[in-house]
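J.: Pasting the sequence and the predicted coordinates here, then a few questions.
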Amino acid sequence: MLIDGAGVGKLTDFGIAARAGDSPIPAGTLAYAPPEQFTGSPASPATDVYAATATFYECLTGRPPFTGDTAEKLLYQHRSEPVPLEPVPEPLRPLIEAGMAKDPERRPTDGTALVAELRAVAGRAYGPGW
């Protein structure tokens, strides 16, 4: 996560970026990797939504959503296990669940939609100055 002086953040993972529609090689930080990255599916905004949501999960809880001790275990968790929502504050659980849906079609359409939903949920739960 890169944050500029104005507080604007950018999610990055240098060296593995892929344009939408490309079929990237399985690489990168496995703690935040979307399940479809390891099946040869093309990159899409949904892949970024998954990674951003996994990063947000860690910001909320202090740890990544999945913490397998081997690459194989992490891949299995991302592909097959439900996101452990217990450590996530109750009002934010549906957002985390949607952003880390195993099926990319069930995630918010892009980062803008994810942030809009976060603002709406956080505003309702924590007030306008959250």
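T.: Alright, I've got the coordinates.
J.: Alpha carbons only: can I get stretch 45-53 in CSV?
T.: As requested, the backbone C-alpha atoms of stretch 45-53 are provided in CSV (Å, rounded to 0.1, in the frame of the first residue of the first chain):
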residue,chain,number,x,y,z
PRO,A,45,-11.0,-5.5,-11.7
ALA,A,46,-12.4,-8.3,-9.6
THR,A,47,-8.8,-9.6,-8.9
ASP,A,48,-7.9,-6.2,-7.6
VAL,A,49,-11.0,-6.0,-5.4
TYR,A,50,-10.1,-9.4,-3.8
ALA,A,51,-6.6,-8.2,-3.0
ALA,A,52,-7.7,-4.8,-1.7
THR,A,53,-10.3,-6.5,0.5
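J.: part of a helix, is residue 69?
T.: No - Residue 69 sits outside any helix when classified using DSSP: H, G, I helix; E, B strand; the rest coil, being coil.
J.: Going by secondary structure, residue 57 is in what exactly?
T.: Residue 57 belongs to helix 45-61 when assigned by DSSP states H and E.
J.: Mind giving me the packing neighbours of that helix?
T.: If you count contacts as 3 or more Cβ pairs under 8 Å, 6 or more residues apart in numbering; DSSP states H and E, helix 45-61 packs onto helix 93-99, helix 111-126. Where C-beta positions appear, they are placed from N, C-alpha and C, glycine not excepted.
J.: Cool, thanks, signing off.
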